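Asks: Generate coordinates for the sequence data below:
(chains A, B and C)
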Amino acid sequence: MLWYKGWLETRFQAVFGLLFAVFPIALFTLATPHAANSAPQISAAQAESGIQFFALYYSIVPILVAGSGIKTQSARMKKGLHGSMYFTLSLPVSRLRLFATRAGLGMLETVTILAIAPCFVRIVLIQPEDHVSHSDLFAFWVTLSVCASVFYFLGVLLSTFLDDQVRGWLSMFGVVFLFGLLTKIPLLAPVNIFRAMISPLFTHSLPWAGMGISVGAAAILGLAALRVVQTREY
Amino acid sequence: MSDWVIQARGLQKSFKGQPALTGLNLEVPAGSIFGFPGRNGAGKTTTIRLLMGFLKPDCGDARVFGMPAGDSAAGIEIRRRLGFVTEDKELYPHMTVEQIIRFTRSFFPKWRVDLEQRYLKVFDLPLGRKISDLSKGMRSRLMLLLAISHAAELLILDEPTEGLDPVAVEDMLRELVAISANEGTTIFFSSHQLEEVEQIADRVCIIDHGTAVVTGSLDDLKTQYQRLRVVFGEALRSPVQWGEGAEHVRQDGRTVDILASRNVEAIINQARSLQGTSVERFPVTLKDIFLEHVRSN
Amino acid sequence: MLFRLNSSTGLPMYLQLMEQIRHAIETGALKAGDQLPTIRKAAEDLVMNPNTVVRAYRELQHEGIIELKHGSGVFVSESVGGRARVTRRAQTIVQSALDRLANLGLTEDEIRRLFENELAQHLAGKASGGKNE
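Replies: Have a look, this model is predicted:
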């Protein structure tokens, strides 16, 4: 029943993440109904950096969803930083299991919401001549999810020692800052995670190296967060 | 006695340089109702958090059911066998009473449906109500239901009657006494309501400034401690060195008030030898013992 | 058990319970052969620690006032009838003493303190096995 409890606690965040994900589609559909016909010609490079921006945008989703470690108190609740945390910790459950359930649930929510991203790309950005197939879009979803896990676990790690508000803003600035660095500095181009995310749309294949590095980084962040949760005092 | 359900030795804990526990010893025998009274900030909640494994001590050793309290593997086994009521009585606000019962039950294979049903009735808990709509008193009672219903061998309760009206307090005390009598459950509870401790506890440990100042069986303490009031014909000219056992002495003119923990006869003889014209004895309440010990610190 | 015990009088609870049971026997509320509640029931009804009830019952058993019948429970001894006679005589003694003290001009409180003080000395004297004056 830990999953159900986790859902009860994160559902508002998840819905917000969903709205965040759907927003660009709504915006585009309402603002430019005839855009498909009158789209200006842009170069491939511009298209690529434009889509990278959207990869950045969708990378915010896991941060919005990233549960507060194993804390069960939302920022809105009054005093008592830990509140019902003590009740949870008094149950015969290991902190590992509590953490794993929360992390698993959050990733599941993130991956589900990120399914919107390929839809957006399909509806808004792709012209028929780009030859982007359904399997490319699916690959995009997979890549996006795998790479977004880095941001998810970053959010989780930060939440283990910061309260919700600070964590949220700090993570987002971190992501934006990272994006700025990666796109502006040519030297860092090979490790540009955003480029890896969108590569299935261009190369029509999975960026194994990029995904491998992402999984590695996510694992490190996740284990660090777990360590904090296991050893900290409540 | 190796039948200690809780055993703590020399516990020390500081937070940001401020000492919370300064060397606490505790021994709780199986089957007892053990009261843990202390002022606000004396270290009651810190002690309980140490026993529950939420904190680790800077120094010293705490064992529950003979197992180390801070150990993560042992901790799971310990928590399977004990029930806990937190200080703030916070539960999951989005769940209903029924949902949290089902949630908690899923962790305990040995759930006692008969106890669950009894407490639902006695505490008058509405199954369909959301926890965020419950008063603090109702939450306290719900937490007690959750703590007892999995057939816990030990209950650790942090101020269980806080926020309850007198009728609810009596109901809760009655249920605690019943669970002790019927199931042999050991009950360890902190409180600053001395009357409640005096009513149901058989052993107490008074904690002040992070250490135990008085420990023992409540009946023994109330028999051993006596208050003596001595009136002298004229005010004593020089301060008297009262005999061993005279713990707290107060003088007001020709009257001397002594709280004695032992050797009462010797002290009475001493008073008479000093020409005390009247020596009276008074029985001592837990409140007397408590106030004398915490005031002097 | 329609007793009312007070946890904050300073007198240990088990002594209070013993007193109240003795008093109930003296006034006839409990008669020889009557059954007392089980320890569990007494503890629950009076909201007091079960070990305290155990101790009270055990002390009364030593005094011969109550007895344990295997399997059936705890009962008031058959022999308490004699005790009641002694008690009635004692009541007469106390009544005349009170009259005499009142005639000396002592108030109720003074009388009560006097009795308590002398009784405490008396008990202590018995406990220490020697004179205390």
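Asks: Residue in chain C with the shortest distance to chain B?
Replies: C:Gly10 (3.1 Å; CB to the nearest CB). Placement of C-beta: from N, CA and C, glycine included.
Asks: That residue belongs to a strand, doesn't it?
Replies: No. Assessed with DSSP: H, G, I helix; E, B strand; the rest coil, C:Gly10 is coil; it does not lie in a strand.
Asks: Strands along chain C, start to end?
Replies: C:35-36, C:66-69, C:73-76 (DSSP state E).
Asks: how about the first one, does it reach chain B?
Replies: In other words, strand C:35-36. No. Figure legend: strand C:35-36 not in contact with chain B (CB under 8 Å from any CB of the partner chain); closest approach 14.9 Å.
Asks: okay if I get the strands of chain C as CSV plus mean neighbour count?
Replies: Formatted as CSV, the strands of chain C follow (neighbours: other CB atoms under 10 Å in any protein chain shown):
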stretch, mean neighbour count
strand C:35-36, 16
strand C:66-69, 15
strand C:73-76, 16
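Asks: Same list (those) but as TSV, adding mean pLDDT.
Replies: Listed next are the strands of chain C as TSV, based on pLDDT from 0 to 100:
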stretch	mean pLDDT
strand C:35-36	90
strand C:66-69	86
strand C:73-76	88
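Asks: which stretch among those comes nearest C:Gln121?
Replies: Relative to C:Gln121, the nearest member of the strands of chain C by CB to CB is strand C:66-69, separated by 29.0 Å.
Asks: Can you give the strand pairings for that closest one, parallel or anti for each?
Replies: strand C:73-76 (antiparallel) (DSSP bridges).
Asks: Give me the contacts around the strand it pairs with.
Replies: C:25, C:30-36, C:38, C:57, C:65-69 (CB atoms under 8 Å, 6 or more residues apart in numbering or on different chains).
Asks: send the alpha carbons of it over as PDB?
Replies: The C-alpha coordinates for strand C:73-76 follow below in PDB (Å, rounded to 0.1, in the frame of the first residue of the first chain):
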ATOM      1  CA  GLY C  73     -11.600 -16.500  41.900                       C
ATOM      2  CA  VAL C  74     -11.100 -14.300  44.900                       C
ATOM      3  CA  PHE C  75     -13.600 -14.200  47.800                       C
ATOM      4  CA  VAL C  76     -14.100 -12.400  51.100                       C
END
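Asks: Dump the strands of chain C to a markdown table, plus distance to B:Lys44.
Replies: Below are those laid out as a markdown table (distance: least, CB to CB, whole Å):
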| stretch | distance to B:Lys44 |
| --- | --- |
| strand C:35-36 | 37 |
| strand C:66-69 | 39 |
| strand C:73-76 | 38 |
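Asks: just to revisit the earlier point, wait, the residue of chain C closest to chain B sits on B:Pro283?
Replies: Yes. Using CB atoms under 8 Å, C:Gly10 is in contact with B:Pro283, at 3.1 Å.
Asks: Overlap in contacts, those two.
Replies: In contact with both C:Gly10 and B:Pro283: B:Lys222, using CB under 8 Å, 6+ apart.
Asks: Indicate which one of the strands of chain C is closest to B:Gln99.
Replies: strand C:73-76 (43.4 Å).
Asks: quick check, B:Gly128 in a helix?
Replies: No. Counting by three-state DSSP, B:Gly128 is located in no helix; its state is coil.
Asks: still on that earlier bit, now do the contacts for the residue of chain C closest to chain B.
Replies: Here C:Gly10 is in contact with B:222, B:282-285, B:288 (CB under 8 Å, 6+ apart).
Asks: Now the two most distant members of those residues.
Replies: Among the contacts of C:Gly10, B:Lys222 and B:Phe282 lie farthest apart (CB to CB), at 11.7 Å.
Asks: the more surrounded of these two?
Replies: B:Lys222 (23 against 17; other CB atoms under 10 Å in any protein chain shown).
Asks: Nearest residue to that one in space, please, no chain neighbours.
Replies: Leaving aside its sequence neighbours, B:Lys222 sits nearest to C:Pro12 (CB to CB, 6 or more residues apart in numbering or on different chains; 4.8 Å).
Asks: Likewise for B:Ala152?
Replies: In space, B:Ala152 is closest to B:Gly83, 3.6 Å off (CB to CB, 6+ apart).
Asks: how long is stretch C:42-55 end to end?
Replies: Stretch C:42-55 stretches 12 Å from its first residue to its last (CA to CA, to the nearest Å).
Asks: Can you tell me which residue of the stretch 151-297 of chain B sits closest to chain C?
Replies: For the stretch 151-297 of chain B, CB to the nearest CB, closest residue to chain C: B:Pro283, 3.1 Å.
Asks: ok, that residue - contacts?
Replies: B:222, B:226-227, C:9-11.
Asks: Then B:Pro239?
Replies: No contacts exist for B:Pro239 under CB under 8 Å, 6+ apart.
Asks: What's the separation between it and A:Val176?
Replies: 75 Å (CB to CB, to the nearest Å).
Asks: same deal with A:Leu98?
Replies: According to CB to CB, A:Leu98 and A:Val176 sit 31 Å apart.
Asks: Check whether the residue nearest to B:Lys222 really touches B:Tyr225, as I assumed.
Replies: No. Using CB under 8 Å, C:Pro12 makes no contact with B:Tyr225, being 11.0 Å away.
Asks: hmm, the host helix or strand of B:Ser140 touching chain A?
Replies: Using DSSP states H and E, the element containing B:Ser140 is helix B:136-148. Yes. Residues of helix B:136-148 contacting chain A under CB under 8 Å from any CB: B:Met143.
Asks: buried ones in that helix?
Replies: Neighbour-count burial for helix B:136-148, with 16 or more other CB atoms under 10 Å in any protein chain shown as criterion, is recorded at B:137-148.
Asks: So what's the gap between that helix and the chain middle?
Replies: In terms of CA atoms, centre = their mean, to the nearest Å, the gap separating the centre of helix B:136-148 from the centre of its chain is 18 Å.
Asks: Which residues does the next helix or strand after it contact?
Replies: Downstream of helix B:136-148, the first helix or strand assigned by DSSP H and E is strand B:154-158. Applying CB under 8 Å, 6+ apart, the contact partners of strand B:154-158 are B:5-6, B:44-45, B:48, B:51-52, B:64-65, B:81-87, B:144, B:147-148, B:176, B:179, B:185-190.
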